[in-house]
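1. Below: sequence and its predicted model.
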Amino acid sequence: MAPVDCVGVGVFKQLGTIARLFCAVSEQGFTVRKMFQSPSDLSIIFSIAQEDLNRAVNAICDVFIRE
């Protein structure tokens, strides 16, 4: 299992952010094993298979950074 921590000030208060995050991951065919959201809405952490980590991070970056 590999943890993925997505952090952004106020980003998780914006409608649809979590949907975009998990759509990016699921479109690659990955299964999210566990998910946690911090009480402060600063981050969301989830776990995926170790071998999927690099591809998952790239998929998330494509959605949120390389838009």
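-> Arrived safely, thanks for sending.
2. On the pLDDT front, check the residue nearest to the spatial centre of the chain for me.
-> Nearest to the geometric centre of the chain sits residue 21, at 4.6 Å (C-alpha atoms, centre = their mean). Model confidence at residue 21, given as pLDDT, is 91.
3. ok, now residue 2?
-> 94.
4. wait, what's in contact with it?
-> 47, 48, 49, 50, 52, 53 (C-beta atoms under 8 Å, 6 or more residues apart in numbering). For glycine as for every other residue, the C-beta is placed from the backbone atoms N, C-alpha and C.
5. And it, how close does it get to residue 10?
-> According to C-beta to C-beta, to the nearest Å, residue 2 and residue 10 sit 26 Å apart.
6. So what's the gap between the helix or strand of the chain with the lowest mean pLDDT and the chain middle?
-> Within the chain, no helix or strand scores below strand 34-37, which has a mean of 87 by mean pLDDT, DSSP states H and E. The chain centroid and the centroid of strand 34-37 are separated by 10 Å under C-alpha atoms, centre = their mean, to the nearest Å.
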